[in-house]
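Chemist: Model the following, please.
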Amino acid sequence: METIYLYDLNRTIKTAAADLDKARKALVPVRKELKTWRPGRPEHEAALALKAGLDKQIAGFKKQITAAERLKKNPEVLRRHEIRKAVERLAKGGMGLEKADSVLCFVNNAVGGEIKAETGNTKNWNWYAKSCKFPKIEHDVAITVDPDWDKAVYARDLEFLGGMLTLAARPAHRGRHRKALDLAAKYGIELLDAVWMRKGRGFQVSAESGFIAVKHTSLGLIPTTAYHSESAMAAVEGAHRKFQNIDHLPLEIRDVPADAVATWADAEGVGACRPGVTNWCDLVGIDHTAASVPLIDVVRGYYLKPVPEAKAIILRVLKSCPRKAA
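Modeler: Here you go, the predicted structure:
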């Protein structure tokens with residue numbers, strides 16, 4: 001279906017409602033005219049014609065509002081709206097675009113359409129005082145994703161890999177990349193044919209296509225390493241090399257106890273500052289106002305946003321837990 005955005009529907013409803021109100025107000029004096037003049041007189045006929053026109057306008061505005069309200073309840077419209085909100089939120093929070101003048105996501109009408117990310121830079125001469133000789137440079141970021149982004153990327157926790165926002169991801173084609181897929185299977189790596197957004201200087205963004213090789217841990221779909229490359233084989237080899245050399249937590253040989261929790265005392269015990277911990281918790285979706293949180297949530301957060309303080313907290317808690325085989 002053609003992409004229909006909720007903000008367009010809301011704008012349509014708001015505009016039609018305002019026009020409907022004006023038409024109804026204009027109808028009041030016309031009705032008085034009809035009561036004043038006898039049928040057959042020119043004034044009466046003119047009022048009748050004006051009333052017919054206003055009635056037609058009112059019916060049209062009501063039809064616009066009803067159609068827009070119906071579309072707002074359409075599951076596909078709602079799903080695409082959630083995709084837009086998720087991509088915009090991730091781009092702002094995860095890619096440092098909070099201060100851009102606008103960050104907008106657009107959804108293709110069909111899977112396989114053009115996926116892109118670009119920044120429009122415009123000069124606004126009206127922003128500063130007239131005495132200023134320089135314009136304000138406005139940065140507007142536009143991101144386009146496939147209509148299945150929520151299922152192919154977001155639902156599989158692939159939205160952020162290697163610090164970059166994934167715009168599209170599908171399993172690599174077996175026929176064209178057999179050797180790379182065989183090597184990936186040997187190392188326990190998932191190979192994706194993907195498009196991702198790379199951030200340049202300032203608010204500049206661009207889309208790059210190629211392959212992402214993802215190494216998963218025993219915790220499930222939580223990537224410990226992700227390697228982006230134009231070549232499928234290079235991506236797999238890079239992910240394996242990166243995983244072999246990374247200073248990762250020893251979670252492949254032990255389980256995280258289900259009853260293990262992390263507290264603010266643990267954060268203070270490793271010397272982590274409260275503002276830094278709070279900021280990290282917000283980034284990975286942990287409630288920092290709680291007295292304690294499950295350690296497994298902290299571990300998942302570490303793999304999403306690895307910071308030394310989080311690793312120190314995890315190791316501190318693990319020291320008090322008995323070791324057991326994976």
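Chemist: so where's the chain uncertain?
Modeler: Residues of the chain that meet the criterion pLDDT under 70 lie in 1-2, 217-224, 242, 244-255, 322-326.
Chemist: quick one, strands of the protein?
Modeler: Per DSSP state E, the chain carries strands over the ranges 102-107, 116-124, 136-145, 160-161, 164-171, 189-199, 205-217, 220-229, 261-263, 292-294.
Chemist: Figure out which of those strands is closest to residue 314.
Modeler: For the strands of the chain, proximity to residue 314 was assessed by Cβ to Cβ; strand 261-263 is nearest, at 7.5 Å. From N, CA and C alone the C-beta is placed, and that goes for glycine too.
Chemist: returning to that earlier point: what would the strands of the chain look like in CSV with mean neighbour count and distance to residue 59?
Modeler: Supplementary listing: the strands of the chain in CSV, determined by neighbours: other Cβ atoms under 10 Å; distance: least, Cβ to Cβ, whole Å:
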stretch, mean neighbour count, distance to residue 59
strand 102-107, 18, 32
strand 116-124, 15, 40
strand 136-145, 19, 37
strand 160-161, 20, 50
strand 164-171, 21, 43
strand 189-199, 23, 46
strand 205-217, 20, 46
strand 220-229, 19, 53
strand 261-263, 17, 62
strand 292-294, 15, 57
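Chemist: Next, format the ones you listed as TSV and append distance to residue 19.
Modeler: Putting the strands of the chain into TSV (distance: least, Cβ to Cβ, whole Å) gives the following:
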stretch	distance to residue 19
strand 102-107	27
strand 116-124	30
strand 136-145	29
strand 160-161	44
strand 164-171	39
strand 189-199	40
strand 205-217	38
strand 220-229	50
strand 261-263	57
strand 292-294	52
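Chemist: Looking at the ones you listed, spot the one closest to residue 79.
Modeler: strand 102-107 (9.3 Å).
Chemist: closest to residue 316 out of the strands of the chain?
Modeler: strand 261-263 (8.3 Å).
Chemist: Now do the closest one: which elements does it pack against?
Modeler: strand 292-294, helix 295-304, helix 308-319 (3 or more Cβ pairs under 8 Å, 6 or more residues apart in numbering; DSSP states H and E).
Chemist: can we see that at 7 Å?
Modeler: Helices and strands touching strand 261-263, by 3 or more Cβ pairs under 7 Å, 6 or more residues apart in numbering; DSSP states H and E, are strand 292-294, helix 295-304.
Chemist: Pipe those into a markdown table and attach distance to residue 202 per row.
Modeler: Formatted as a markdown table, the entries for the helices and strands packed on strand 261-263 read as follows, by distance: least, Cβ to Cβ, whole Å:
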| stretch | distance to residue 202 |
| --- | --- |
| strand 292-294 | 35 |
| helix 295-304 | 25 |
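Chemist: Looking at the strands of the chain, which is nearest to residue 61?
Modeler: Closest among the strands of the chain, once you apply Cβ to Cβ, is strand 102-107, at 28.2 Å.
Chemist: Extract the CA atoms of the closest one and return them as PDB.
Modeler: Only the C-alpha atoms of strand 102-107 are listed here, as PDB (Å, rounded to 0.1, in the frame of the first residue of the first chain):
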ATOM      1  CA  SER A 102      14.800  17.500  12.000                       C
ATOM      2  CA  VAL A 103      15.200  13.800  11.700                       C
ATOM      3  CA  LEU A 104      12.500  12.100   9.600                       C
ATOM      4  CA  CYS A 105      12.100   8.500   8.600                       C
ATOM      5  CA  PHE A 106      10.200   7.500   5.400                       C
ATOM      6  CA  VAL A 107       8.900   4.000   4.600                       C
END
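Chemist: Give me the angle between that strand and strand 164-171.
Modeler: Between the axis of strand 102-107 and that of strand 164-171 there is an angle of 10 degrees, by axes from the mean of the first three to the mean of the last three Cα atoms, to 10 degrees.
Chemist: Just checking: what are the partner strands of strand 102-107?
Modeler: Using DSSP bridges, the strands paired with strand 102-107 in its sheet are strand 136-145 (parallel).
Chemist: chain center to the strand it pairs with, what's the gap?
Modeler: Between the mean C-alpha point of strand 136-145 and the mean C-alpha point of its chain there is a distance of 15 Å (Cα atoms, centre = their mean, to the nearest Å).
Chemist: ok, residues contacting it?
Modeler: Counting by Cβ atoms under 7 Å, 6 or more residues apart in numbering, the neighbours of strand 136-145 from elsewhere in the structure are 83, 87, 91, 97, 100-108, 114-124, 127-128, 167-168, 197, 203, 205.
Chemist: The helices and strands packed on strand 261-263: which one's closest to residue 49?
Modeler: The closest approach between residue 49 and any of the helices and strands packed on strand 261-263, judged by Cβ to Cβ, belongs to helix 295-304 at 66.8 Å.
Chemist: Please report how far the most centrally placed residue in the chain lies from residue 233.
Modeler: Central residue check for the chain by Cα atoms, centre = their mean: the C-alpha nearest the mean position is that of residue 87, 1.5 Å away. Counting by Cβ to Cβ, to the nearest Å, the separation of residue 87 from residue 233 is 30 Å.
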